[in-house]
Structures are given as structure tokens and as C-alpha cells.
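# here is a sequence with its predicted model. Questions after.
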Amino acid sequence: MSKIVILGGGYAGIHAGKLLHKAFKKDKDMEITLIDKNPYHTLMTELHEIAGGRVDNHGCVKISFDRIFSGKIVNVVQDCITGLDPVKQVLSSDTASYEYDYLIMGTGAESTDFGIPGVKEHSFPLWSYQDALDIKDHIREMFRAASYEKDPEVRKTLMTFAVAGAGFTGVEMVGELIEKLPIMCREYKIDPSEVSLINVEGLGNILNMIPEKPRMKAQKYMEKKGVKIMLNALITKAEANSFTLKDGTQINCGTLIWTCGIKGGQFGVDTGLKVGHVDRLQVKETMQSADYENLFIVGDAQWFLENERPIPQIVEAAEQTASVAVHNIVSKIKGEDKKYTFKSNFHGFMVSIGGRYAVSHTGGISLSGIPAMALKHLVNVLYLHSVSGLNAWWKYIQHEIFDMKEGRTLVGGIISNHIQSLWAFPLRLWLGLMWLIEGLNKIGEGWLKFDLGSKSGWMFSRGIVQAGFGTPASYQPVASAAASGGADTMAAASDMAEAAAPVVADTVAAASDMVEAAAPVVADTVAAASGMADEIVNSAANVTHTATHALGKLWDTSGLVLKPDSLVVTWFRETFMDSMAVYIPYEIFQSMIISVEVLIGLALIGGLFVFPAAGVSIIMCFVFIFSGFFSWGQIWFIFAAVIMLGGAGRVLGLDYWVMPWLKRWWNGTTLAHKTYLYFGEPRNKKRKK
């Protein structure tokens, strides 16, 4: 049995695990283990969103390894590795040891202070999930303290926020503060004019890895938002509440966020492996360690010069180095005499400056504003889909668009507000009642009296004869009996009319005399009333004529959405419905229609399986629309059902109890693990602690 250990669950480690599963998923003699000190994978490129308070739910920045590797042959172990013996091929922690035949080291990097005095003690790095939380909490503490501070100088220091470094991380952190600081001002009743935001960069430009055009757009946007950008400003010392530049300038600030650079992790240095530059471990072009053939180093931890330039520490590089390492391991295990070497294929860079603006340069095309922001979201969605399928990227969209507070999204806050499910409760009951009545009405109309023939022929094309279990034999006798009965009734009625004729004549004569006596009085009264009525009628007629001329009939909601003879209805019937008429007997078809309508109604009224019931409701409405017998006055069925999709069954409904149980059961199934179609966290029984 071959043992492959992946150390580190970053971008490189995750990609390596996925590729190894794909290569050996049918191999029973393969043991693949991923070890990480955390139970989750962190999207390092999105840490600024946590630090700046853009996302409250951290599920779109943290993804549990259970979600990533559920249904995979990769065994995840949560442990903190403290030692490596490459000769004995053993990793060790305080409590366990792990043997390996092949080791993929993706231990990442860590923030570096370049030995500048005071930076480690008096600044906040942004290179881990905990770092982001610390920054978020510190910013709130600065505003809380400033809201009580009376000394204007101390208050000014507290309200000065500095970000050191104008690379990707630094600019993205500045972008978050551009949006967050005004919000905090409103919350703590701080005058925005008292707040200062500074971006300090030691080089002559910001964002040196992208072309000048998008770079300058980013700089102009930041300056427009009130950011003071200081270029060629090297920090030489940091102290509590201040830092000093190379030219001697001292800047007071309550917050210094450090994003000036990273180096290889200390663990890699302590292994004794050959070190390249800035504590990154030396590798060959095959990503093998310079010291050991079965030890591969990937991601930010490796040091390799491609065309005399180091591989950048970015996500694409991490995944591509992992891919090279995995292909070489697979080649060795399968006995293939082939070596894979690293050749970079980077597509570009994207930098968000808050939730509503970004710049990018990908495929030789530079973008800014909404297109660039949309592109970054798309890239994140594609990455999350590759990592954890629909479950991950839909959760990302929810957090980044639909659940975003404070309007810090691509489209602002226009679609991020929610209604409470309680307010949908009456609508749920009414919609369910209407569906139930629709089904019961069809029963009353004889849809289940199959001896009367088909009642659903209107859903099919003219001339189509629906299949049935048998042709009713009672049509003609019933019609004949009805005709005979009708003739007898007419004869009897004629006799009665002849007998009553003399009596009727006498009565009419008496009434005629009374009318002649009262005629003069009635005539005078009618004449008087007629004059008044004429005036009223004329006035009303004028008003009605004016209103009708101005408005007309705006919309006849009793009209059909699609007429039965329209092209769309004809196409739908001929393509979908007519074939059903041939193969499904009308007895079954009509029973199905009634059953579905009644079940939808009962489900909505009881609040049980409301989401699927609402979905079927929408489908049924469209079937009726395309069949040519659905009026505009019924279109509300669709919109009401859409509202039901938002969890309306959880309020005063059985879904409150049933759905959590069903989700727990489903999350433990093999199918859910293999397809990632689970709700929340899967029930993963493989994972070890």
C-alpha cells in the first residue's frame, strides 16, 4: 500500500487532494491523508472581507474539509505537525506520528516584518482568519474608545487608520475601510471629518503587478474616496499609536495594518531542508525538494526560478505547482517513465476595492468598476464550484449578494433585504386553499366520473383522441332517455297552458281597469321625476364619457395569457402534450392533475414540503399557460409560489420539524457526499481528530 500525505489544506493542498482522488479513486491499495491544524480551508484572497466587516457569516471565507472531501478517498486529519524526519519518512505532532511514501508540503507562508523595529508588536498582519478577526475587533474598539474620548488629539489618533503596503492585500484592505469607516461613524456618532485613512507604500506605485491603466484607475478611485496615498514612504519603526518613515516623518495612528510582504513558514525552515530565498524551500522544476525525491513542496512554501523570476505567491501558482507534484507522484506509482515540469500559465489579476469597485487585467484586457467586480465574483464562484460544488458557490452568492448588509455589494442593497416568513404565512394559506379548491372543483365537474368521457381534452390539439381504458357505452342511451323525457315534459306543459288560459284572461282584464284609473296620477309623477332624472343621467353620462375617453379599459385580467390558437400554445401542445394523450389514459391523466392540485394545496396549508410544493405549483401554472387556458387574473399563483420558496413552511408549518430531520438524514447519504448536494455541513464519518 502506498501512503501519500498532504501537509497543509491551503489552495495547493486542496488541489493536490482533489487530483489524487481523481487518479486513485478506484485503487483500494492507496492511502491519501491530508493534515491541517484547522478543520477548514481558508480563502486567503477574501480575508479582507472579514477584517472590514463586509461579511458577517464567515461561511463564504471558511470551507470545512468535511464539505470539500466528503465522498472522496482523502482522509482528513486535524493535527498540528511539529516535526519532519525526511530520512525515516515520518511526520510527527505532540500526540501522533504519520508515515508516508510521498509527502506534498503545502505549509504556506507567513507575514514578515523585514526586521523593522516595533512592527511585530504594534501592527496587525492580515494573513490568517484569526488575523482578520483581530483587525475587525480592533477597529470597533477604536471607534468605541473615540466615542468617549474628549481630548481632540487623542481622538484624532484613534481615528487614524493606516494600511502599510499597496499590493493586492493592502489595496483590498483599504477598499474595505473606505466603505466600513463611514458606517462605523454613523453607529458611534463620530464626525466623518475626524477620520483619516492612509495607505503607505515603500515603492513608487501601487499594485505593481498590473498595468498602468487599471493601476491608475485604482489610485484615482481611492483618492476620490478620501484615502491619502503615500508612495516611496518606507516605514523604519513602529511604536504604540505611531510609526516613523525613512525621511523622519512620524505619523500618529491608532491602527496600523501590515500587508508589506510574506516569507516561507517557520516550519519549513525548521525541517532542515534546503532554503532558497525569504525562507521558501528550494525545489526542482518537478516541484521535488532539492534534498529528497519523494518530498514535494508546493504553493507559497516553494522557491523556484522560472526564466530567472520566482514563481509568484498567488492562487493560480499554488494550484499549478500542486498539479505538477501530483502528476509526478502518479507517474512514479504507476511505473511510468515520465517527468512533469512546471510551466506557468497565469490568466491575470483582479483586485476589489470594497464591495462595489474593482480593477482587473486578465487575458490582456483591463477592466474596472462593475465589470471587474463581476469578473472577480465569477472567478470565486468557479473556484468554489471546483472545491465543493453547488453547495459552496451558492452559499457564496447568498452571502455576497442576497444576505449582504449595508449595501456593500455589486448591486448595492437593493436585493439584500428580506421579509420575515411570518408575513408570508397568510399568503401560504390562501395559495394552498386556492389549489385545494381547484382540485375539488375538478372533482365536482366530473373529472373522476370516467363514464362521462374525458374532461381534459382542452389541453391537447384538436383532433387528438386521448387514450382510455374503454369507450363509455352509456352516452347514446342517456341522450335518448333525455330526449324522450324532454318530449313528455313539453307535452304536459302544453296541456297545462291550455287549461289556465281562461283564468289568465280574466285576471288581465281586471288589472287593465285599475291601470286606466291610475294613469293620470302616474303620468304627472313620472313627468316630474323624468326632468330630474334627465339632468342626473346627462351629468353622469358626461363624467363617464370623459373617464372612458381618458382611460379606457386598462387591462382585461379575465383574458388569457396565451390564446389557444397562438403559435406558442400550438408548439407546446404538439411537442409535449399530444404524446401524453396517446400513451397516458385520460383516467390516469385526470387523476394525476387532481391529485397534484390537492396535494399542493394540502402541503401549503400544512406547511409541509413547502419548497417542492411551491416549485411544482410554478410548473403547473406554466403548463396551464402554455396549454392556452390560464388567465391574467390567475398569474398571481406564480408570484405567490416564488415567495413560498424562501422558507415559508418554517413558520407555523410542519417544515419547522420535518426539514431539519430530513436534511440531517440526507447529509449522511453517499449520494449527497458524492454530488456535494447537501445542506450545510455533511455528516462525514471518515474524519479523524
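Looks like it came in fine.
# by mean pLDDT, point me to the weakest helix or strand of this structure.
helix 475-551 (a mean of 46; mean pLDDT, DSSP states H and E).
# which SSE is immediately downstream of that helix?
Using DSSP states H and E, the helix or strand that follows helix 475-551 in sequence is helix 567-572.
# contacts for that following helix?
Applying CB atoms under 8 Å, 6 or more residues apart in numbering, the external contacts of helix 567-572 come out as 461, 562-563, 626-628. Glycine gets a C-beta too; all of them are placed from N, C-alpha and C.
# give the buried residues for that helix.
Under the neighbour-count criterion of 16 or more other CB atoms under 10 Å, helix 567-572 has 569-570, 572 buried.
# now that helix: average pLDDT?
For helix 567-572, mean pLDDT is 92.
# then that helix to PDB, C-alphas only?
Only the C-alpha atoms of helix 567-572 are listed here, as PDB (Å, rounded to 0.1, in the frame of the first residue of the first chain):
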ATOM      1  CA  LEU A 567     -48.000  29.700 -32.100                       C
ATOM      2  CA  VAL A 568     -46.500  29.100 -28.600                       C
ATOM      3  CA  VAL A 569     -49.500  27.100 -27.400                       C
ATOM      4  CA  THR A 570     -49.700  25.100 -30.600                       C
ATOM      5  CA  TRP A 571     -46.000  24.300 -30.400                       C
ATOM      6  CA  PHE A 572     -46.200  23.300 -26.700                       C
END
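# go through the helix or strand just after it and flag the buried ones.
Per DSSP H and E, helix 567-572 leads on to helix 578-583 as the next helix or strand towards the C-terminus. With burial defined by 16+ other CB under 10 Å, the residues of helix 578-583 counted as buried are 578, 580-581.
# phi, psi of Val275?
For Val275, the backbone dihedrals (degrees, to the nearest 10) come out as phi -100, psi 140.
# just Tyr102 next, same as before
Dihedral angles (degrees, to the nearest 10) for Tyr102: phi -130, psi 140.
# quick check: bridge partners of it?
Beta-bridge partners recorded for Tyr102 (DSSP bridges): Ile4.
# repeat that for Val77.
When assigned by DSSP bridges, Val77 has beta-bridge partners Ile35, Lys688.
# so how far is Asp66 from it?
Per CB to CB, to the nearest Å, Val77 is found 12 Å from Asp66.
# element containing Gln219?
Assigned by DSSP H and E, Gln219 falls in helix 212-224.
# centre of the chain to that helix, how far?
30 Å (CA atoms, centre = their mean, to the nearest Å).
# what's that helix packed up against?
If you count contacts as 3 or more CB pairs under 8 Å, 6 or more residues apart in numbering; DSSP states H and E, helix 212-224 packs onto helix 168-188, strand 227-230, strand 358-362, strand 365-368.
# whatever helix or strand comes next after the second one: how far from the chain's middle?
With elements assigned by DSSP H and E, the helix or strand that comes after strand 227-230 is strand 235-239. For strand 235-239, the gap between its own C-alpha mean and the chain's C-alpha mean amounts to 43 Å (CA atoms, centre = their mean).
# mean confidence score for strand 235-239?
97.
# same for whatever helix or strand comes next after that strand, what does it pack against?
Sequence-wise, the next helix or strand downstream of strand 235-239 (DSSP H and E) is strand 242-245. Applying 3+ CB pairs under 8 Å, 6+ apart, one finds that strand 242-245 contacts strand 235-239, strand 250-252.
# which secondary structure elements does the shortest one contact?
Which is strand 250-252. Using 3+ CB pairs under 8 Å, 6+ apart, strand 250-252 is in contact with strand 160-164, strand 242-245.
# turn those strands into JSON lines, columns for mean pLDDT and mean neighbour count.
Below are these laid out as JSON lines (pLDDT from 0 to 100; neighbours: other CB atoms under 10 Å):
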{"stretch": "strand 160-164", "mean pLDDT": "98", "mean neighbour count": "26"}
{"stretch": "strand 242-245", "mean pLDDT": "98", "mean neighbour count": "20"}
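# redo those strands as JSON lines? Include distance to Asn208.
Output for the helices and strands packed on strand 250-252, formatted as JSON lines (distance: least, CB to CB, whole Å):
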{"stretch": "strand 160-164", "distance to Asn208": "15"}
{"stretch": "strand 242-245", "distance to Asn208": "19"}
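# CA atoms only: put the helix holding Gln219 into PDB for me.
Output of helix 212-224 as PDB, limited to C-alpha atoms (Å, rounded to 0.1, in the frame of the first residue of the first chain):
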ATOM      1  CA  GLU A 212      -0.600  51.200 -15.500                       C
ATOM      2  CA  LYS A 213      -4.100  51.900 -16.800                       C
ATOM      3  CA  PRO A 214      -6.000  49.800 -14.200                       C
ATOM      4  CA  ARG A 215      -3.400  50.800 -11.600                       C
ATOM      5  CA  MET A 216      -4.100  54.500 -12.100                       C
ATOM      6  CA  LYS A 217      -7.900  53.900 -12.000                       C
ATOM      7  CA  ALA A 218      -7.500  52.200  -8.700                       C
ATOM      8  CA  GLN A 219      -5.400  55.000  -7.300                       C
ATOM      9  CA  LYS A 220      -7.800  57.700  -8.500                       C
ATOM     10  CA  TYR A 221     -10.800  55.800  -7.000                       C
ATOM     11  CA  MET A 222      -9.000  55.500  -3.700                       C
ATOM     12  CA  GLU A 223      -8.100  59.200  -3.600                       C
ATOM     13  CA  LYS A 224     -11.600  60.200  -4.700                       C
END
